[in-house]
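Undergrad: structural data only, the sequence is not supplied:
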């Protein structure tokens, strides 16, 4: 579920329209958090259907676990409430109409029905204050009176009639009232959870898990397999890294530029870069050749003694237990790069969007070909201390650098929406960039591999 919420927030930050957001989130919901309507089950079992029960159980567990994780601070509660409400809205809109009405009735909202006499008396005011509403809808449709604070969206958009502190809401605008009720109940639930959190401090098993989940809300963690990043047939070897670096995310581009400038990287920089290269498909033998030729100022003896073992260890060729042997370490995700081992003086690892000053960040982006003023201004806003949207800044740059290719695959429908979600792993950035720039369709990566070009 954190993946779904993070994508919803990313859609908001990237100014996607409601229809674009719905289209983008739909495959992710089907993948991570399916929730079928009761009507989809055989009539003989209904909501007792094992598949429905399992889906609802997963949904309930994930929601209340995330309540625990995101109740610790006011900022987390506010963000979680906002995105959880957006998710509820998507699901409510796409639900079966009959089930939607049954759900609303079960909530027992304190909505006062407008009488026929009052409706006739206020007919002109209702018509003038409710644009787009037909005369028949005003005369025949149902209306509710609620405190105007409960429907701020409708008040802001001037879509309701206000009188004596009450908003007169037509049935068709029921969504706003349901959302207001959902948000109010969720906010109260989060406050109650926050009061209970201190009791969990004594349990050192649960607290680290909740802390990890709340960190992932800023940048979701991502675990990738070799299949997720493999590019069969692509010319990935020690001599091709320079040309392939055009597809690297800024963190790895910075490491590569620093390596070429200084003929050296410090320990964490070497580890971060080695694992990234391992993830894009560079073999251990080629990786050793790459590092040896890059460390031109070192003798063979110095390289073999000080650096060779660490590269072999990262690949799982030496050291570690039998389980890790042969596999090595996984490439670092954005979340790991952002939260662990911040770079010190003379170090080049980490995330430039987080660890660079705004001016140095813009200079690096310009050096890598990003000169659009709107993009650079957007990046500055994303990385501001009060926002800290580092992964959104990175995705903003990716979309700018691949705007032509992204437009093409969307128009042609050759890439599903699930393959265009927010990037939260450097190796995903590389693979997506490589495939887009080379015009490869999703699912065709392994076909005609020998014809793939850089």
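TA: Received it, and whenever you're ready, just let me know what you need. What you see is a predicted model; the values in this text were computed from it and never measured.
Undergrad: got the contact list for residue 358?
TA: Applying C-beta atoms under 8 Å, 6 or more residues apart in numbering, we find residue 358 in contact with 380, 383. For the C-beta atoms, the positions are set from N, CA and C on the backbone; glycine is no exception.
Undergrad: do that again at 10 Å, thanks
TA: Residues counted as contacts of residue 358 (C-beta atoms under 10 Å, 6 or more residues apart in numbering) are 376, 379-381, 383-384.
Undergrad: for the residues you listed, which one is nearest residue 104?
TA: Of all these, residue 381 has the smallest distance to residue 104: 38.7 Å, by C-beta to C-beta.
Undergrad: name the nearest residue to that closest one, sequence neighbours excluded.
TA: With C-beta to C-beta, 6 or more residues apart in numbering as the criterion, residue 381 has its nearest non-adjacent residue at 6.7 Å, and that residue is residue 387.
Undergrad: now the residue lying closest to residue 5 once chain neighbours are set aside, what are its backbone angles?
TA: Closest residue to residue 5 apart from its sequence neighbours, by C-beta to C-beta, 6+ apart: residue 83 at 4.7 Å. The phi and psi values for residue 83, taken as degrees, to the nearest 10, are phi -80, psi -40.
Undergrad: isn't residue 83 up against residue 21?
TA: No: Residue 83 is beyond contact range of residue 21, at 11.3 Å (criterion: C-beta atoms under 10 Å).
Undergrad: longest helix in the chain, please.
TA: The longest helix of the chain (DSSP state H) is helix 174-196.
Undergrad: what is the mean pLDDT for stretch 316-325?
TA: Stretch 316-325 carries an average pLDDT of 70.
Undergrad: kindly report the same for stretch 154-169.
TA: For stretch 154-169, mean pLDDT rounds to 88.
Undergrad: can you list contacts of it?
TA: Residues contacting stretch 154-169 (C-beta under 10 Å, 6+ apart): 111-112, 114, 118-119, 122, 124-133, 142-153, 170, 173, 175-177, 180.
Undergrad: how distant is it from the center of its chain?
TA: With C-alpha atoms, centre = their mean, to the nearest Å as the basis, stretch 154-169 stands 35 Å off its chain's centre.
Undergrad: and what of stretch 289-305?
TA: With C-alpha atoms, centre = their mean as the basis, stretch 289-305 stands 39 Å off its chain's centre.
Undergrad: other residues contacting that stretch?
TA: Contacts of stretch 289-305 with the rest of the structure, by C-beta under 10 Å, 6+ apart, involve 237-242, 256, 259-260, 262-265, 270, 273-274, 277, 282-283, 288, 306-308, 310-311.
Undergrad: let's see 8 Å
TA: Under C-beta under 8 Å, 6+ apart, the answer for stretch 289-305 is 238, 241, 259-260, 263-264, 270, 274, 277, 282, 306-307, 311.
Undergrad: ok, back up a step: of the contacts of residue 358, buried ones?
TA: Neighbour-count burial (16 or more other C-beta atoms under 10 Å) applied to the contacts of residue 358 gives 376, 379, 381, 383.
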